[in-house]
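got a sequence here, can you model it:
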Amino acid sequence: MDLLKYIRNVPDFPVKGIQFKDVTTLAKNFPAFKESCDLIIKKYKKKGITKVAAIEARGYVWGGVIAYQLGAGFVLMRKPGKLPADTLSEEYELEYGTDKIEMHKDAI
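Purely as a prediction, here's the structure:
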């Protein structure tokens with residue numbers, strides 16, 4: 001299955017010059033969504049993974065399914081200030097600036 005045909009390209013979002021890849025169009029199609037999860041699960045099933053970390057919000061859709069199928073814990077990564085306990089943070093670069101994510105210090 002060609003999963004790329006299920007991903008919508010949105011030009012100039014969130015800013016001019018960026019080609020946003022919208023995976024909501026893949027997620028709403030059950031066969032495509034299932035195939036995308038199955039491919040990831042198959043690749044990592046025998047790697048001994050004990051935790052799957054995912055960034056909100058689209059990452060939670062795939063991350064939860066994958067963690068469940070791998071028999072692993074699920075670590076939620078969020079924007080700053082959204083988690084209630086002590087956190088670690090990491091700043092990263094985007095095509096149009098920087099952003100930061102956090103996770104609980106005791107998540108892993």
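
Lys55 and Arg78, how far apart?
Actually, residue 55 is Ile. It isn't Lys. Distance of Ile55 to Arg78, given as CB to CB, to the nearest Å: 8 Å. Yep, even glycine has a C-beta here, placed from its N, CA and C like the rest.

give me the common contacts of the two.
Common contacts of Ile55 and Arg78 (CB atoms under 8 Å, 6 or more residues apart in numbering): Ile101.

pLDDT value on Thr87, please?
pLDDT recorded at Thr87 is 98.

quick one: the strands in this structure?
8-11, 19-22, 51-55, 73-77, 87-94, 97-104 (DSSP state E).

what packs against the fourth one?
Which is strand 73-77. In terms of contacts (3 or more CB pairs under 8 Å, 6 or more residues apart in numbering; DSSP states H and E), strand 73-77 is packed against strand 51-55, helix 58-70, strand 97-104.

how about the shortest one: buried residues?
Translated: strand 51-55. Val52, Ala53, Ala54, Ile55 (16 or more other CB atoms under 10 Å).

and stretch 66-85, by the same measure?
Those would be Ile66, Ala67, Gln69, Leu70, Ala72, Phe74, Leu76, Met77, Arg78, Leu83, for stretch 66-85 by 16+ other CB under 10 Å.

ok now it, how far from the chain's centre?
Stretch 66-85 sits 10 Å away from the centroid of its parent chain (CA atoms, centre = their mean, to the nearest Å).

one step back: dump the buried residues of strand 51-55 to TSV, plus distance to Leu4 and pLDDT.
Below are the buried residues of strand 51-55 laid out as TSV (distance: CB to CB, whole Å; pLDDT from 0 to 100):
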residue	distance to Leu4	pLDDT
Val52	23	98
Ala53	25	98
Ala54	21	97
Ile55	21	95
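
which among these gets closest to Asn29?
Ala54 (20.3 Å; CB to CB).
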